[in-house]
Every structure is written in structure tokens, then in C-alpha cells.
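Chemist: sequence and predicted model, in that order:
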Amino acid sequence: AQSVTQLGSHVSVSEGALVLLRCNYSSSVPPYLFWYVQYPNQGLQLLLKYTTGATLVKGINGFEAEFKKSETSFHLTKPSAHMSDAAEYFCAVSLNTGFQKLVFGTGTRLLVSP
Amino acid sequence: DSGVTQTPKHLITATGQRVTLRCSPRSGDLSVYWYQQSLDQGLQFLIQYYNGEERAKGNILERFSAQQFPDLHSELNLSSLELGDSALYFCASSGGNSYNSPLHFGNGTRLTVT
């Protein structure tokens, strides 16, 4: 069965610093990978997704992620953190089974300090 | 605003009771998904409906049931409630039934069982 592992339940960065949130997946077939963000008291919002094609995927709010098959990773990065980036981030995987059933990681809470 | 509406926002009830959570998907979306988010279990997929038919089932308890109506809104029924059912319940919708259709989440219903 497919799964995702997010390393680090909390990541703290200073404003302006690089953001790196780690996600590794486990899948026996080519996966489809997603990053979602959850702000306090809100639902999840899609940041970006990888299905096929270019392995470097750009998303909203300056985030991007790179699919690395050899490392089974899909880490999320942003060159310069902003206070408004403080939120919980979820990596998710879906198989090409004809319907979408997302399996989410446990989430990483990003803390941004001034 | 994702366009997905969930009601009520908060629900407090006692053990043994039954509640109904309601979800209106984005206009035109045929797929509805239900997820449970709790501190110990994270985000768990419960069930998916597509155009009124059940398409996928996840970790949904037998005490829980759902349906999607002809107007595409969905209801999640939780019965014989236990303290452990306290969680945030999310509904999401997507335009298609395929793996690469992004999910749009509502803001959730927070259920507290006392």
C-alpha cells in the first residue's frame, strides 16, 4: 500500500530563511504527489501537485517541490520564508487507480519567527 | 474560499448520540470525499462518492455512514458516538473521478463528544 512519511512534526525558520519540508513516499507504482497547506481553523488548500512530466513543480505562494524517483522523495521548498507561511503542511500520495484516494502524511507545522 | 460548504461548523453532543454532518460541494463537482482529522490519527480518508454512487471506502467505522443526494450534496451520519469520535471532519470535492483532479476542502465540522 502507498504511504507518505513527513520528517519532522515541527520545523522552525526565521523570516527570510529557506524553507525545506521533507516528504518521502512509498509506492510500488508511479505515484501522484501533492502538497496541501492548512491554515488555522481552515480546510486544506492545494499548494502544488506532481502527476507526470517535469519533476520540478511550482506552486502557489512561491513554493516548489521536486519529484526524485531515485530517492522516493517530494520535498517542499521556498527560498525565503514569510510570516504568513506559518501553517501546517501535508504531503499526500494518490495512485493512478482511476479514482483519487489521497493518503496524507502526518503533517509538518511550520513556525516562522521574525 | 474553496466553494465547499460544510455545516455546522461546531457540534457538541453526548456519547451514544447520533449526528449528521452536511456538505455542499463546489458548483459542478461530482465527487465528494469525507476525511476525519484527529490529533492521534492524523487525516484519515473515510469515503468517496461520485455522482451519487459510493466509489471508495477507507477507514470508516460501521457506526458511520454517508450518502450523496441527487443535488450532489452529501451527508455523513455518525451514530452511537464515542469520546474517540471527537475530531474535525472535512468534506472535499473534485470535478472528476480521476487521480489528478485536485481536491477542494471545506473548513470542516468540529465534533466534540462529551
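Modeler: Cool, the structure landed.
Chemist: how about the residues of chain B near chain A?
Modeler: By CB under 8 Å from any CB of the partner chain, the residues of chain B that approach chain A are B:2, B:4, B:31, B:33, B:42-43, B:45, B:48, B:50, B:55-56, B:58, B:90, B:92, B:94, B:97-108. From N, CA and C alone the C-beta is placed, and that goes for glycine too.
Chemist: can you turn the buried part of those into a PyMOL selection?
Modeler: Per 16 or more other CB atoms under 10 Å in any protein chain shown, the buried members of the residues of chain B next to chain A correspond to this PyMOL selection:
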select buried, chain B and resi 2+4+31+33+43+45+48+50+55+56+58+90+92+94+97+98+99+101+102+103+104+105+106+107+108
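Chemist: which ones among the residues of chain B next to chain A map onto strands?
Modeler: B:31, B:33, B:42-43, B:45, B:48, B:50, B:55-56, B:90, B:92, B:94, B:104-105 (DSSP state E).
Chemist: now for those: which two are most distant?
Modeler: Across these, no pair lies farther apart than B:42 and B:50, at 24.5 Å, counting by CB to CB.
Chemist: now do the helix or strand of chain A with the lowest mean pLDDT: which elements does it pack against?
Modeler: None of the helices or strands of chain A scores lower by mean pLDDT, DSSP states H and E than strand A:103-104, at a mean of 86. Using 3 or more CB pairs under 8 Å, 6 or more residues apart in numbering or on different chains; DSSP states H and E as the contact test, the elements touching strand A:103-104 are strand A:3-7, strand A:87-95, strand B:42-50.
Chemist: out of these, which is the most enclosed?
Modeler: Greatest average neighbour count among these goes to strand A:87-95 (a mean of 23), per mean count of other CB atoms under 10 Å in any protein chain shown.
Chemist: find the residue closest to whichever residue of chain B sits closest to chain A in space, skipping its chain neighbours.
Modeler: Nearest residue of chain B to chain A: residue B:105, at 3.3 Å (CB to the nearest CB). Nearest residue to residue B:105, sequence neighbours excluded (CB to CB, 6 or more residues apart in numbering or on different chains): residue A:43, at 3.3 Å.
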